[in-house]
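# Based on what follows, work out the 3D shape:
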Amino acid sequence: MDVLNLLSSAASDAVGVLLIVVPLLLYRWLADSVAHWPPYGALRKDKAAIAGFLLGVCLVAVTPLPGQPLSFDSIFNRGGPWDFDMDAFGDLVLDRMAVAPRLLLDRLILDDERLNLTLGVAAAAALLVGHAIGGFFRLRWRRAMATVVFDQIVAVMTAILTLYAAMLALWLCNRLNFWIFLVGILAIQEYRYNLFGLFPRHRHFRLPRFRLPQ
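Residues are numbered from 1 along each chain as shown. The predicted structure is shown next:
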């Protein structure tokens, strides 16, 4: 019975870890696929990702997180606001993802006196609109429309992933404590040896080119 409980617990933890990693892998697969299409390319994908990152930072800035204002104690302490299990983390992510866009819109309209959020959103919009206009001058309209759609998808997914990554990093700091340094070492080794192809310089995850728009 103890063995069965151990196996059940291990399987549950493995599924939980997989669910945490899936958004990161999905984003990587999508970004590599669109960058692999010649009319779009890696450079335009990177600029759309920058626009999405700016939006994501704005979302992080307006989203209420446990333990704010954040401090070393609130993040790392046992029994602190970030000391909860994987199910609670999933609920937190879904809840914050649902309210973050509305909170950002409210802040932009009602409470952005220093215009920090407005500048971030405006810079992201300028990148996306500028590339959209340039695409219609350089490409046929169908390809230009496809690149605009890709821009929006990459930007939105990057913004969502930025907010997700911020919450994931804070939660893992509490769950792993000093073991977080081991995770950093493993990430460095992955970058060097490319076992899973998780970093952009090794494009393992992408659709075959013949499946992309022609």
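
# Please name the residues that touch residue 119.
For residue 119, no residue counts as a contact, taking Cβ atoms under 8 Å, 6 or more residues apart in numbering as the criterion. From N, CA and C alone the C-beta is placed, and that goes for glycine too.

# Please identify the helix or strand for it.
Secondary structure from DSSP states H and E places residue 119 in helix 116-138.

# Can you give me the buried ones in the following helix or strand past that helix?
Once the chain leaves helix 116-138, the next helix or strand it forms, by DSSP H and E, is helix 141-176. Neighbour counts using 16 or more other Cβ atoms under 10 Å place 143-144, 146-148, 150-151, 154-168, 170-174 of helix 141-176 among the buried residues.

# Any idea how far stretch 160-168 is from the middle of the chain?
In terms of Cα atoms, centre = their mean, to the nearest Å, the centre of stretch 160-168 is found 5 Å from the chain centre.

# Residues contacting the host helix or strand of residue 75, please?
Using DSSP H and E, the element containing residue 75 is helix 72-76. Helix 72-76 has contacts (Cβ under 8 Å, 6+ apart) with 66-68, 80-82, 170, 173-174, 177.

# now do 10 Å
For helix 72-76, contacts defined as Cβ atoms under 10 Å, 6 or more residues apart in numbering pick out 65-68, 80-83, 169-171, 173-174, 176-178, 180.

# how about that helix as CSV, C-alpha atoms only?
C-alpha atoms of helix 72-76 as CSV (Å, rounded to 0.1, in the frame of the first residue of the first chain):
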residue,chain,number,x,y,z
PHE,A,72,12.1,38.5,1.0
ASP,A,73,10.0,37.2,4.0
SER,A,74,6.7,37.2,2.1
ILE,A,75,8.2,35.2,-0.8
PHE,A,76,10.4,32.7,1.1
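
# May I see the buried residues of whatever helix or strand comes next after it?
Downstream of helix 72-76, the next assigned helix or strand under DSSP H and E is helix 86-110. In terms of neighbour count (16+ other Cβ under 10 Å), helix 86-110 has its buried residues at 86, 89, 92-93, 96, 100-101, 103-104, 107-108.

# next one: stretch 175-190
In stretch 175-190, counting by 16+ other Cβ under 10 Å, buried: nothing.

# try stretch 68-81
Neighbour-count burial for stretch 68-81 [16+ other Cβ under 10 Å]: 74-76, 81.

# now the end-to-end length of it.
9 Å (Cα to Cα, to the nearest Å).

# Okay then, goodbye and thanks.
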